[in-house]
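> structure of the sequence below:
(chains A and B)
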Number of protein chains: 2
Amino acid sequence: MSKFWSQRTLELDPYTPGEQPKDNQYIKLNTNENPYPPSQKVQQAIIDASNDQLRLYSDPNSTDLKQSIADYYHVDTKQVFVGNGSDEVLAHAFVALLKQDDPLLFPDISYSFYPVYCQLFGIQSQKIPLDKDFSIQISNYAIKNGGIIFPNPNAPTGKALGLNSIEKMLDHNKDSVVVIDEAYVDFGAESAIALVDQYPNLLVIQTLSKSRSLAGLRVGFAVGHADLIEGLERVKNSFNSYPLATNAIAGAVASMQDTEAFEENCQKIINTREYTQIALKKLGFQTLDSRANFIFAKPPQGYSAESLYLNLKKKNILVRYFKIARINQFLRITIGTDQEMDHLIEALGELLNKTISS
Amino acid sequence: MSKFWSQRTLELDPYTPGEQPKDNQYIKLNTNENPYPPSQKVQQAIIDASNDQLRLYSDPNSTDLKQSIADYYHVDTKQVFVGNGSDEVLAHAFVALLKQDDPLLFPDISYSFYPVYCQLFGIQSQKIPLDKDFSIQISNYAIKNGGIIFPNPNAPTGKALGLNSIEKMLDHNKDSVVVIDEAYVDFGAESAIALVDQYPNLLVIQTLSKSRSLAGLRVGFAVGHADLIEGLERVKNSFNSYPLATNAIAGAVASMQDTEAFEENCQKIINTREYTQIALKKLGFQTLDSRANFIFAKPPQGYSAESLYLNLKKKNILVRYFKIARINQFLRITIGTDQEMDHLIEALGELLNKTISS
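You can find the predicted model right below:
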């Protein structure tokens, strides 16, 4: 603490990201990274742009990247916004669109960065409880609000809403913005980008960190009505003119264009998820229906999620554990390679047996 | 405009960066980029980090980069903060340290992003006029304030304050934070980082964009008392956990370590600046004493800076012109290579002659 901090800073309770150990001793199943590398084409594009031209500022508008995203989703470039990871895009959306007189609504169990943005930007919020089965109940959102935000699939549950439900929510909420945070959408849910031309109050945010294997490059984007995008641009241009490095733009463009590698990767992860889910159930875990690259799993009766998390760490396997009401009996397990998941299942089997025999 | 924008967004008047034309037809002397590329070592470090490991998140703490900056400036890593360009570092400093009840002070002629941050974050400010000769008069800052910020050397004047003057300002201002924005310090001014151990209210911000030829990589940093840095970290961790890409961290580390190439580059630019200043004076320009990688120059009596700017552009030479009171008769000319400056001087000579004869 310091007398020089602003009042806002004193009050902050910052976000804690998952551990990023610097050595490679761990099987990392804790931060929803992709177990497969970006394609050779993508790596080469980044390398090709890492040259003497780095002396020049990057394109402040990231025109090429907006074009490649617009091409991929068949929208206009004016409907596309880009930023330094989807966290920056989210931050700008909170300031530009979600900071209103009425409270922002989001699920009680959700991405834990949302309440942090609310603190940072002085936004009132109201948490809407998920159902008993951890589903978003859209009828609960039909109340006065200054905006709605939720991940689809939701994190850390992995459960997804269909576009029908999202349309209902949009139809009942025409006076404020609905932000759908689709960080995990490519692993089996439907993207609401299909709806942006119909709903001027819909903003969809995605990231290249997960399904496109580029967590270390820091690129995210939003798609929505051109007026919403213009609001985001105003905030971005009042914060940082050049959020994306030249070689990050180049890599992201290549990734948006390399559809084959992208789709193949996603399918592999989906297959591994299904297979892991079955294996976890055989061990007695209860799992939620995941459309993401992770599984939210509750250990069998009598076992503590927290001690399993700690014991897995001792066995050099990192998963994510949240000491938060309603979900403190769950582990969030990122989908790795088949081999990594075999190790996990073996380790969990050992831990469960050991605890039984003790 | 849109009914979905927040009130704050409606009121914003975003920053306008200098033009970044996508073709290479121009001699670019408009955005204070370095005419010399980053060294081979730096380029190679970026390439080496552009590999399959980009699938993983970057180090959220940028530990290696903080260490290399701490080593370079002989400070502790806890005194170092890093961000996505010095603009992001500035933005976080405005929120964490400069958002106070009393107004923030900065020069009337200065980096035009400062008032934009004040709008974005709801910070009251008061502009303190530069002297007639465009110097910062430190006695004018001895008034009640919630913080002070100025570039040293100042932009777009290029004039620098010595450390003696900065110490006087710090001595008279122990209750609020003084931020020195040293984007251009390596071209001939003294860094106030030498004072951070004595003054707990001093924050110094630098960038790798200019003197280190890495505008396209987006890396900036701050050095100050550990308590100030902790405040910045709180805001950063409430905004974006991973502001720097893995390969940006690697390139920045290599740059901080490659002192020889860095110093050689700076010296070349200083030499070219001195030589260009003489040539401009011969053409009748009035120039301010620059310690930066640009010259702020007033055309001879009877010539309009704006029309010279426009006519240089027609000749494929971009300089920066600000249509702002007090400085609308100046051009800000970035120092390029000797050859580029010869072209500029030749073009200016032609334009001045032509106007005389017309």
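> strands along the stretch 201-350 of chain A, start to end?
In the stretch 201-350 of chain A, the strands defined using DSSP state E, counting those that start in this stretch lie at A:202-207, A:220-224, A:286-287, A:294-298, A:317-318, A:331-334.
> note down every partner strand of the fifth one and its orientation.
Strand A:317-318 has these partner strands in its sheet, going by DSSP bridges: strand A:27-28 (parallel).
> circling back to that earlier point, need the strands of the stretch 201-350 of chain A in CSV (columns: mean neighbour count).
The way it works is simple: take the backbone N, C-alpha and C, and place the C-beta from them, glycine included. As requested, those are arranged in CSV below (neighbours: other Cβ atoms under 10 Å in any protein chain shown):
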stretch, mean neighbour count
strand A:202-207, 26
strand A:220-224, 27
strand A:286-287, 16
strand A:294-298, 24
strand A:317-318, 22
strand A:331-334, 28
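> I'd say A:N173 and A:I148 touch.
Yes. With contacts counted by Cβ atoms under 8 Å, A:N173 reaches A:I148, the gap being 6.4 Å.
> show me the common contact partners of those two, please.
Taking Cβ atoms under 8 Å, 6 or more residues apart in numbering or on different chains as the contact rule, A:N173 and A:I148 both touch A:Y141.
> picking that back up, among the strands of the stretch 201-350 of chain A, which is nearest A:K22?
With Cβ to Cβ as the measure, strand A:317-318 is the member of the strands of the stretch 201-350 of chain A nearest A:K22 (12.9 Å).
> state the mean pLDDT of the closest one.
Model confidence over strand A:317-318 averages 96 on the pLDDT scale.
> residues contacting that strand, please?
A:18-19, A:21, A:26-30, A:312, A:343-344, A:347.
> now A:Q206: how far from B:D227?
Applying Cβ to Cβ, to the nearest Å, the value for A:Q206 to B:D227 is 38 Å.
> care to break chain A down by domain?
Here the domain parsing of chain A from automatic domain parsing is A:7-36+A:260-357, A:40-258.
> and these, which one is worst for confidence?
Ranked on mean pLDDT, the bottom entry among those is domain A:7-36+A:260-357, at a mean of 94.
> now do the contacts for the spatially most central residue of chain A.
For chain A, the residue lying nearest the average C-alpha position, counting by Cα atoms, centre = their mean, turns out to be A:A183 (3.4 Å). For A:A183, the contacting residues are A:32, A:86, A:111, A:151, A:155, A:205-207, A:209-210, taking Cβ under 8 Å, 6+ apart as the criterion.
> and the two most separated of those residues?
A:N32 and A:I205 (15.5 Å).
> which non-adjacent residue is nearest A:L214?
For A:L214, ignoring the flanking residues on the chain, the nearest one in space by Cβ to Cβ, 6 or more residues apart in numbering or on different chains is A:L208 at 4.3 Å.
> could I get the full set of helices for chain A?
For chain A, the helices defined by DSSP state H occupy A:7-11, A:40-48, A:63-73, A:85-93, A:114-121, A:163-171, A:226-236, A:246-257, A:259-282, A:305-314, A:338-357.
> same list, the domains of chain A, but as TSV with distance to B:A292 please.
What follows is the domains of chain A, written out as TSV (distance: least, Cβ to Cβ, whole Å):
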stretch	distance to B:A292
domain A:7-36+A:260-357	31
domain A:40-258	16
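> hey, which of the ones you listed is tucked in deepest?
Comparing those on average neighbours per residue, with mean count of other Cβ atoms under 10 Å in any protein chain shown, the densest one is domain A:40-258 at a mean of 22.
> relative to chain B, which of the contacts of strand A:317-318 is nearest.
A:K28 (7.3 Å; Cβ to the nearest Cβ).
> let me see the contact set for that closest one.
A:K28 makes contact with A:21, A:318, A:334, A:336, B:56, according to Cβ under 8 Å, 6+ apart.
> make a markdown table out of the residues you listed and add distance to A:V223.
Written out in a markdown table, the entries for these read as follows (distance: Cβ to Cβ, whole Å):
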| residue | distance to A:V223 |
| --- | --- |
| A:P21 | 34 |
| A:L318 | 33 |
| A:T334 | 26 |
| A:G336 | 29 |
| B:L56 | 26 |
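> which of these sits closest to A:N265?
Using Cβ to Cβ, A:G336 is the member of those that lies nearest A:N265, at 12.7 Å.
> and the residue lying closest to the closest one once chain neighbours are set aside, what is it in contact with?
Leaving aside its chain neighbours, A:G336 sits nearest to A:P35 (4.4 Å; criterion: Cβ to Cβ, 6+ apart). Under the criterion of Cβ under 8 Å, 6+ apart, the contact partners of A:P35 comprise A:269, A:335-337, A:340, B:55.
> what residues does the stretch 101-250 of chain A have near chain B?
Contact residues, the stretch 101-250 of chain A versus chain B (Cβ under 8 Å from any Cβ of the partner chain): A:116-117, A:119-120, A:175-177, A:200-201, A:209, A:213-218, A:225, A:227-228, A:230-231, A:233-235, A:237-248.
> switch to 7 Å and redo it
Where proximity means Cβ under 7 Å from any Cβ of the partner chain, the interface of the stretch 101-250 of chain A facing chain B comprises A:116, A:119-120, A:177, A:201, A:213-218, A:227-228, A:231, A:234-235, A:237-243, A:245-248.
> near chain B, anything from stretch A:274-294?
No. Judged by Cβ under 7 Å from any Cβ, stretch A:274-294 stays clear of chain B, getting no closer than 11.6 Å.
> what distance separates the start and the end of that stretch?
End-to-end distance for stretch A:274-294: 10 Å, by Cα to Cα, to the nearest Å.
> distance from it to the middle of the chain?
With Cα atoms, centre = their mean, to the nearest Å as the basis, the distance from the averaged C-alpha position of stretch A:274-294 to the chain average is 19 Å.
> same question for stretch A:166-180.
Averaged over its C-alpha atoms, stretch A:166-180 has a centre that lies 20 Å from its chain's centre (Cα atoms, centre = their mean).
> could you dump the helices of chain A to a markdown table with distance to B:W5?
What follows is the helices of chain A, written out as a markdown table (distance: least, Cβ to Cβ, whole Å):
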| stretch | distance to B:W5 |
| --- | --- |
| helix A:7-11 | 22 |
| helix A:40-48 | 35 |
| helix A:63-73 | 20 |
| helix A:85-93 | 11 |
| helix A:114-121 | 14 |
| helix A:163-171 | 18 |
| helix A:226-236 | 4 |
| helix A:246-257 | 26 |
| helix A:259-282 | 33 |
| helix A:305-314 | 42 |
| helix A:338-357 | 45 |
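> can you dump the C-alpha coordinates of stretch A:102-119 into PDB?
Listed next in PDB are the C-alpha coordinates belonging to stretch A:102-119 (Å, rounded to 0.1, in the frame of the first residue of the first chain):
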ATOM      1  CA  ASP A 102     -28.100   0.200 -14.500                       C
ATOM      2  CA  PRO A 103     -26.100  -2.800 -13.300                       C
ATOM      3  CA  LEU A 104     -24.300  -5.100 -15.600                       C
ATOM      4  CA  LEU A 105     -25.500  -8.700 -15.300                       C
ATOM      5  CA  PHE A 106     -23.300 -11.800 -15.400                       C
ATOM      6  CA  PRO A 107     -23.500 -15.400 -14.100                       C
ATOM      7  CA  ASP A 108     -22.400 -16.000 -10.500                       C
ATOM      8  CA  ILE A 109     -20.100 -18.700 -11.700                       C
ATOM      9  CA  SER A 110     -18.300 -17.300 -14.700                       C
ATOM     10  CA  TYR A 111     -15.000 -15.800 -15.800                       C
ATOM     11  CA  SER A 112     -13.600 -14.200 -12.700                       C
ATOM     12  CA  PHE A 113     -12.200 -11.300 -14.500                       C
ATOM     13  CA  TYR A 114     -15.600  -9.700 -15.000                       C
ATOM     14  CA  PRO A 115     -16.000  -8.400 -11.400                       C
ATOM     15  CA  VAL A 116     -12.400  -7.100 -11.600                       C
ATOM     16  CA  TYR A 117     -13.200  -5.000 -14.600                       C
ATOM     17  CA  CYS A 118     -16.300  -3.700 -12.800                       C
ATOM     18  CA  GLN A 119     -14.100  -2.600  -9.900                       C
END
